[in-house]
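Trainee: Test case, fold it:
(chains A and B)
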Amino acid sequence: MEQDIRLTEISLPSVNDIHDEALINEFVAGIGKNVLIMTPSFPFVFIGRIVEVVGDAVVVDVKVTTIGELENRLWYIHAHQIEVFYIEQKGMPRIPELRDDI
Amino acid sequence: MKRFYHVVAIPIRIVLNNFGDYNETGMMYVLKENEEKVKEAVKKNPFTPVDLVQPLCIRANQGDTVEILFENKIHYATGMHFQEADYDVLNSDGANVGFNPNTLAEPGEKILYRLQFNHEGVSIFTDLGNPDSSDEGTSINGLFGCLFIEKRGSWWTDPETGGPLNSGMFADVHHPFAPSFREYAFIFHDEMSTKDITGNRPLDPVTNQERESTHAISYRYEPEQNRKRLIEEGVVCPDCEGEEVHHDSWVFGDPATPIFRGYRGDPAKYRLVHAGVKETHVFHYHAHSFFRDPLNTDSDVFDAISVSPQSWYTIDTLYGLGSLVGAFGDFIIHCHLYPHFGVGMWAINRVFDTLQDGSQCYPNGVPIKALQPLPDRPCPPAPTKERPGFPNFIPGKVGCKAPRPPLGVVGGRGLTELERNAAVPTARPGAVFTDPCIIEENPAVQEINVSLIELPLVYNRQGWHDPKGRIYVRDEDLEDVLAGRKEPEPLILHMNAGTCLSVNFTNRLPEVASGDAFQLVTRTYETSFHVHFVKFDVLVSDGANVGWNYDSSVLPGETIRYEYFADVELKAWFFHDHLFASYHQQHGVFGSTVVHGRFSKVLDPKTGEEVEAGAQVTVTHPLIPDYRDFALMVHDFALLFDKDGCPLNPPEFPGSQDDPGLFAVNYKNEPLQFRLGKDCDPAYSFSSFVNDDPVTPILHCYEGDPIRIRLLQGAQEESHSFNVHGLRWKKERPDIETEFQSQEHIGISESFTFDMEVPRSGDYLWTFETEEDLWNGCWGLIRAYDEEVDFLIPLEDRPSPPKRTKPLPVCTGNPPPPAKKVEVDAPLNAPVKVFHIAAFHVPIRYSKWGEQDPYGIIFALKEDMDEILSGKKEPVPLILRANQGDVVEVHLTSFLESEKFPFPDGIWPYPPVKEQAFYPPSVRISLHPQLIQYDVKSSAGETVGFNPDQTAGPGETVTYRWYVDVAVGACGMWDMADIRNHRSLGTYGTFIAESRGTQILNPKTRTPAVITSENVILNHPFSPDRREFVLVMYDGARLVDRDGCVIIDPVDGILTDVDPDELDDLVDTYDNGSRGFNYRTERLINRLNEHPILKDLFSSKVHGDPSTPVFEAYPGDPITIRLVNPSERRRAHTFHLHGHYWNTDDKDIFSQVKSIEDHVVLGHARDLQLHYGAGSFFNFPGDYMYRSGNIRWDIEQGMWGIIRVHKNKQVHLLPLKNSNAKLN
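Mentor: Take a look at the predicted model:
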């Protein structure tokens, strides 16, 4: 019985809130920096500069995605969609520069 | 919803084209309401095609119950058997199978079939009252049709009138939520007996010999030979040759074959059906693409797909008509097998850019029928005088060849006023009426200069050569290739996705091709660069001459510019000439361009320099793993001469399309006849120690490298079966939920990418594995090095290979020793299953009719050998099972003896192969499995490249260790020591990788089953019990009858007489041999001889049960069928099980559902998990036939059997533990 009560108890902030908050803070700290983000849905990959964070959506000036038609525009990427990301930091690897010209 | 159709089977004269070619013994299904109309129309128009004479196409929605009142007006019993349907097999099977009641209709009688359709797609219906493969049969004469199963809630209208539609090949299908679409029936069929308008067999005007068999689309075909006659007689285009204008409506008007009409952007679905009897055709759709599985957006994208008899696909056109770039004009759709294409198996998809209300005409004055716009699409603009729309702005002249495109030809013409009005604002060479590159802003542009040239090609070390080789080369390589400094290979170009490709193509061929034993002198004066897959303006950049489009080819010495856009990573696209392809594609006129991911760099694998072309390259990418990229292009009809100038496998007369020439991969072959070595032992044919490396491609990589194989077929007519030994790839490359495979059937123009890693060093064999291909040299190696070599750069993102410590192996002329260590990468605590296997001679009884193979060679557990030899146990193909996580240790012993082979002199006469030669039987043997893990240096079950010996000689035992890392299900398993003298005799079996924790039980006793049983219960702690039925489909067997005479199948098994005139060229080499399942066959000829009634041929009441396996179950029992084909012939088969269906990818529950498996050929291995269990959706008891879909020549030759679902409890069959069946 005791266990059942525990299962229905909600404590705030939840671990998910903490996770989201940390993610948001990370992106806020990264405003102006280059970022690589991967999402499970199309177009899967974004490379560009973090412009701002609106609520829990990251606004990225996307220079590169998987297809050219969707580049060079602002993308609003919801935090829950971000599976993998890397914000370029000094002293850490640079995000490769991807260019189409052969 | 309930629907009702009254269908009548009638004899009808079918006129196949406007030249009056006809089939006087035609038959068709027709709705009762149209029966009199069609008969009347045919009576009034005996020499012209009648619209109503078309295959019956009816429709229903998913979930509908459909009642078919079938009335038979054929003079013997016929029926309608529906695929993909749920029904009571006792009253609606449309057949007379096993102990079921007969559900055929007698002449003049009616029968009611009640069917339910529970998944979208195509239900092909055919007759099984007369399965005769000869000209007397029903399917061959047109007795087939389709029921299209639409989404629930759909309705359909007539595309011309917008009114209701009861039947018809074209419909506009609507749905409350989904977009309306054009639905087009595209029904391939072949071999229909045809006469010309004079009542004689049609002749080819050039050779004056009979032309190819009929290959048609929906009762129509448009042979080149008919059209050519009009040229010869000066009626049209007197300066034309023939093939280059075969599809030209400016010259001849529109063809008799269907014109699939729509407006730019219309969603469109082709219901691609093969209702014919024999060939596996390749459907190719110009400038459009589609998912292989339309329900799976992670499925591969194709624009060409093989389809075997009685199988089907839904071709759901991506981006709608005109594809991504919104092109318009005429898009040809055809069977890519050139002899079929040439004889008329083509049709046109006509995409209009202006509204057609019935008031317009084509340039030749023929009215354009009205076409309703789809209700949910914008209405196209009405034509005006200034903008008349396609095709009326094109400055062509009726009766003459289509004009060249504006701007494209260097030094050519500009635009007329009407053309300028129709052109895009950015009109430029190769992109005039559609801008293919506008999709992306400022795309990268790649310009390539390509020429087509003629030069001699040498195919192997023995001097087999093609004096008239014709190949594409980059202009930059032209001198080096012609001077012999650069080895000719198919041109493989590389580009990145998102690139706009501009090609400057120059025709450097001589205007006239000379004649020889294979071909007559032909004026191949214009050629092109026709591309697949990529997006372009079809009017000017198709590299073809189709319908009312321009002729986008050039004359000798001229250059034309084309432009294409590669929208996404599209794997490899095929290119070839489209003007004289039938004449010269088999001389080498083919190549491919590989579209890599954006930002890829393509490097020479030896120097690391960036390159633009090459069949073997290394690709690096900043984000995704680097890989080796290999292109293999197989080709048949290679018209070769030996070193003395004698033609190899010449046809009976020059110009014949009857399978002339041989085979090659990337213009090379390595025939096994030259690889016997000094000991004359076939077991070392693949060994580089004995014979050095083959001249065919050796694909180089380091251990652990990712590789991508681009598999394409360049020419010309036949199916091939590509296998890689020791590696595997995901079937649907973009999809995570998909099965593994290590084999792929391929037809001309198809393109596949196989993505995999090479886990360990060693030589991996790749093959086109059917006997005749392999015999004639279509094989090579993937060589993975364990240490650095100076001719292969390491991949940048992988650890550097260790420095070389030992020299590379070299040819010694002697067989290699066996492996010193036989190890496999597996967890230390993995359970080990040990099998002691013997290979030995034993006569195999194939049927109750006395048919047997007195020289059989089988694999069996050693413990069973004595009982099999003494006749206490029947020989069956070896079945081994192990669970995921098991290590399998196989000890194989050879008991073969030279004198027990049928042809110890080394010439195997039947079943035959092309280019017969001495190849004595080997007494060594091996066992090669597919799909599971092993080290190819010890356990591949074959002696390949510089790997150690893995065969066993008489009295010797070889050991293999395999690891079952994934429950891959059915795997083929076969001998690789002697593919000529062993396989026909039975040296094959199946390995089944079951789920971890599976126990197999005897269905009679529920005690642990004998591991080699073909029929077991799979018992698993977490899953319900399942029945597992193993079907080893084989062909190419050499059987004798009860009098000891060799049976020459398929001819000896044909139910009615064969016309002696046809006998000589009736069958191809690869049609020969007997066939069936599990060393069993039930040839219908035996039954017919005993009881000459066609309708009773499958009846067990009359003939008893067939000799082939009769599997038994109770209603609702879960069933998995393990279906493999490890045998040898190239003719692809279809497998169909009556009344049941399954996911086409057993690892993906969202994959398409079908009741057929098509193009089953050597290496095919699938696991069919029947939906709803035995008896399907309704769990109806009865006898369900499993069979091939090939009327020619499988069913009557014995490739069929029964799954029996019992209503009553049987003594010999215990119910499954979880069975819900209510048994009496």
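Trainee: Any regions of chain A where pLDDT drops low?
Mentor: Low-confidence segments of chain A, defined by pLDDT under 70: A:1-8, A:100-102.
Trainee: those helices in it, which residues are they?
Mentor: Secondary structure of chain A (DSSP state H): helices at A:2-8, A:15-29.
Trainee: List the contacts of whichever residue of chain A sits closest to chain B.
Mentor: Per CB to the nearest CB, residue A:96 is where chain A lies closest to chain B, at 3.3 Å. Just so you know, the C-beta spots here come from the backbone N, C-alpha and C atoms, and that holds for glycine as well. Residue A:96 is in contact with B:599, B:622-623, counting by CB atoms under 8 Å, 6 or more residues apart in numbering or on different chains.
Trainee: give me that answer again for 6 Å
Mentor: residue B:622 (CB atoms under 6 Å, 6 or more residues apart in numbering or on different chains).
Trainee: and it, how far is that from residue A:39?
Mentor: For residue A:96, the distance to residue A:39 (CB to CB, to the nearest Å) stands at 19 Å.
Trainee: and what of residue A:25?
Mentor: 20 Å.
Trainee: before we move on, what about residue B:107?
Mentor: Counting by CB to CB, the gap from residue B:107 to residue A:39 is 65 Å.
Trainee: For chain B, which residues are neighbours of chain A?
Mentor: With CB under 6 Å from any CB of the partner chain as the criterion, chain B comes near chain A at residues B:440, B:444, B:446, B:498, B:599, B:622.
Trainee: How many neighbouring residues does the nearest residue to the fifth one once chain neighbours are set aside have?
Mentor: By that I understand residue B:599. Excluding its sequence neighbours, the residue lying closest to residue B:599 (CB to CB, 6 or more residues apart in numbering or on different chains) is residue A:98, at 4.2 Å. As a burial measure, residue A:98 scores 15 neighbours (other CB atoms under 10 Å in any protein chain shown).
Trainee: Residue B:649 now?
Mentor: Counted with other CB under 10 Å, residue B:649 comes out at 20.
Trainee: Relative to residue B:774, how far out is it?
Mentor: Residue B:649 sits 16 Å away from residue B:774, going by CB to CB.
Trainee: just to revisit the earlier point, more neighbours, residue A:25 and residue A:39?
Mentor: Ranked by neighbour count (other CB under 10 Å), residue A:25 and residue A:39 place residue A:39 first, with 18 against 11.
Trainee: Could you give the number of residues near the nearest residue to the more buried one once chain neighbours are set aside?
Mentor: Closest residue to residue A:39 apart from its sequence neighbours, by CB to CB, 6+ apart: residue A:81 at 4.5 Å. Neighbourhood size, residue A:81 [other CB under 10 Å]: 14.
Trainee: again, but for residue B:486
Mentor: 13.
Trainee: cool, and the one 5 residues further on?
Mentor: Residue B:491 sits with 26 neighbouring residues when counted by other CB under 10 Å.
Trainee: and it, what does it touch?
Mentor: So residue B:491 contacts B:472, B:591 (CB under 6 Å, 6+ apart).
Trainee: how does it look with 10 Å?
Mentor: Neighbouring residues of residue B:491 by CB atoms under 10 Å, 6 or more residues apart in numbering or on different chains: B:448, B:450-452, B:471-474, B:477, B:481, B:575, B:588, B:590-593, B:613-615, B:631, B:633.
Trainee: Same check on residue B:497?
Mentor: Counting by CB under 10 Å, 6+ apart, residue B:497 touches A:66-68, A:100, B:444, B:565-570, B:595-600.
Trainee: Tell me which of these fall in strands.
Mentor: Within the contacts of residue B:497, residues falling in strands by DSSP state E are B:444, B:565, B:595-596.
Trainee: okay, the residues you listed in TSV with pLDDT and neighbour count next?
Mentor: Conversion of the ones in strands among the contacts of residue B:497 to TSV gives the following (pLDDT from 0 to 100; neighbours: other CB atoms under 10 Å in any protein chain shown):
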residue	pLDDT	neighbour count
B:444	87	19
B:565	93	22
B:595	96	25
B:596	95	25
